[in-house]
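>>> Predicted coordinates and the sequence they were generated for:
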Number of protein chains: 2
Amino acid sequence: MSTMEVRYRPIGVIRSPFTDLDDMPIQPTGKGSAAGTVEVDPEFAEGLADLGGFSHLILVYHLHGSSEVRLTVTPFLGSGPHGVFATRAPVRPNPIGISIVRLTGIEDCVLHVGNLDILDGSPVLDIKPYVPEFDAPADTRAGWLESVRGKLGSTKSDGRFHDRRSRDHTGQ
Amino acid sequence: MSTMEVRYRPIGVIRSPFTDLDDMPIQPTGKGSAAGTVEVDPEFAEGLADLGGFSHLILVYHLHGSSEVRLTVTPFLGSGPHGVFATRAPVRPNPIGISIVRLTGIEDCVLHVGNLDILDGSPVLDIKPYVPEFDAPADTRAGWLESVRGKLGSTKSDGRFHDRRSRDHTGQ
């Protein structure tokens, strides 16, 4: 299993005002998230049919600037170190980012989204409709983040993942 | 962009009672979803620290049996054909699956999860904590699925993706 490799080819690219890790919102619900677009390769245009009926999308993208892996990280919102899988930090073994974004419009192969927290140029791997029945469980508990949940809307990233060329945003 | 390729190495494997596409729940909230485990490769054990505090996880996995791509699909719950990106069908350009599952326990490198809807043997690419502030937007609208939302809990898959060796579950 561990020697197997999976390969994906990006279906598009994310365009956002964020060209640098500094001053990024750490998640799309954070203050400071911004409008942007998802430019889908025209060869996949047919697959976008009916997407406009959904208010929110799940974007799956490659954290293209993240070249280092760390299994223990100290996230922006944390009081101490945590296992990387208990955080959304970008220095993961497989640097895959997931963001729920609001869809505000579609023009041909360009999706306009309202609350991007993703760095400009991120390769898009998949787009899925957000469906609350599938994606929003009730009765949740958010581990070490419970104590900092009030801060989640206003905390921005700092440079702590910057020195290792992480271009992602999700370093809480 | 379109010639670039990203490569990931699985960090573990999903063990579930579902060894065949037939009679699978179509999403984890569906009736018929079952307990299972995520076996994480021991080399990543350190990264699991503090995961136990979260009630739900986001599993990112490879839809290992999905070899065909279709840009237009007729999902289990749909009244007609839809663009693949407006569905959760497995025949996507990049066959990446995402499921929110309940974490019921951790033993060393084995995560016990309570509502799997994933086929046995699926390679795991990433594990993230589910955080409602990031992952559960308010005021959502579910496109063509709005008219069938009452059925989401009880519909099971049938064989429609079976003939093309799709092993995934998410064919609504």
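Perfect, I can see it now.
>>> Can you read off the pLDDT for A:Ile98?
With respect to pLDDT, A:Ile98 scores 95.
>>> so what does the longest strand along chain A touch, helix or strand wise?
The longest strand of chain A (DSSP state E) is strand A:96-107. Counting by 3 or more Cβ pairs under 8 Å, 6 or more residues apart in numbering or on different chains; DSSP states H and E, the packing neighbours recorded for strand A:96-107 are strand A:56-62, strand A:110-116, strand B:56-62, strand B:123-129. (C-beta placed from N, C-alpha, C; glycine too.)
>>> That strand pairs with which strands, and in what direction?
strand A:56-62 (antiparallel), strand A:110-116 (antiparallel) (DSSP bridges).
>>> before we move on, the earlier item: which of the helices and strands packed on strand A:96-107 sits closest to B:Gly143?
When the helices and strands packed on strand A:96-107 are compared by Cβ to Cβ, strand A:56-62 sits nearest B:Gly143, at 10.1 Å.
>>> Contacts for the helix or strand just after that closest one, please.
The first helix or strand that comes after strand A:56-62 along the chain, using DSSP states H and E, is strand A:72-73. The contact list for strand A:72-73 (Cβ atoms under 8 Å, 6 or more residues apart in numbering or on different chains) reads A:81-84, A:87, A:89, A:91, B:46-47, B:49.
>>> Can you lay out the strands paired with strand A:96-107 as a markdown table showing mean neighbour count?
Below are those laid out as a markdown table (neighbours: other Cβ atoms under 10 Å in any protein chain shown):
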| stretch | mean neighbour count |
| --- | --- |
| strand A:56-62 | 23 |
| strand A:110-116 | 21 |
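>>> worst average pLDDT in those strands?
Among these, strand A:110-116 scores lowest, with a mean of 91.
>>> Just want the angle from it to strand A:123-129.
Relative orientation of strand A:110-116 and strand A:123-129, computed by axes from the mean of the first three to the mean of the last three Cα atoms, to 10 degrees: 90 degrees.
>>> Show me what strand A:110-116 is in contact with.
A:14, A:16, A:18, A:28-29, A:33-40, A:48, A:51, A:57, A:59, A:99, A:101-106, A:127.
>>> And A:Pro123, how close does it get to chain B?
7 Å (Cβ to the nearest Cβ, to the nearest Å).
>>> Verify the stated contact: that residue with A:Arg15.
No - using Cβ atoms under 8 Å, A:Pro123 is not in contact with A:Arg15; the gap is 11.9 Å.
>>> Tell me which of those two has more neighbours.
Set A:Pro123 next to A:Arg15 and count neighbours by other Cβ atoms under 10 Å in any protein chain shown: A:Pro123 wins out with 20 against 17.
>>> partner residues bridging the more buried one?
In beta-bridge terms (that is, DSSP bridges), A:Pro123 pairs with A:Val13.
>>> How about the contacts made by it?
A:Pro123 sits in contact with A:10, A:12-14, A:61-62, A:64, B:1, B:4, B:6, where contact means Cβ under 8 Å, 6+ apart.
>>> Mind doing that once more with 10 Å?
By Cβ atoms under 10 Å, 6 or more residues apart in numbering or on different chains, the contact set of A:Pro123 is A:8-14, A:61-64, B:1-2, B:4-6.
>>> Same question for A:His62.
A:8, A:10, A:14, A:94-97, A:122-125, A:168, B:4, B:6, B:8.
>>> Show me the shaky parts of chain A.
Along chain A, the model assigns pLDDT under 70 to residues A:1-3, A:21-33, A:77-79, A:147-172.
>>> swap the cut-off to 50 and go again
For chain A, applying pLDDT under 50 flags the ranges A:1, A:154, A:159-172.
>>> Make a PyMOL selection of the buried ones in the contacts of strand A:110-116.
To isolate the buried members of the contacts of strand A:110-116 in PyMOL, using 16 or more other Cβ atoms under 10 Å in any protein chain shown:
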select buried, chain A and resi 14+16+18+28+29+33+34+36+37+38+39+40+48+51+57+59+99+101+102+103+127
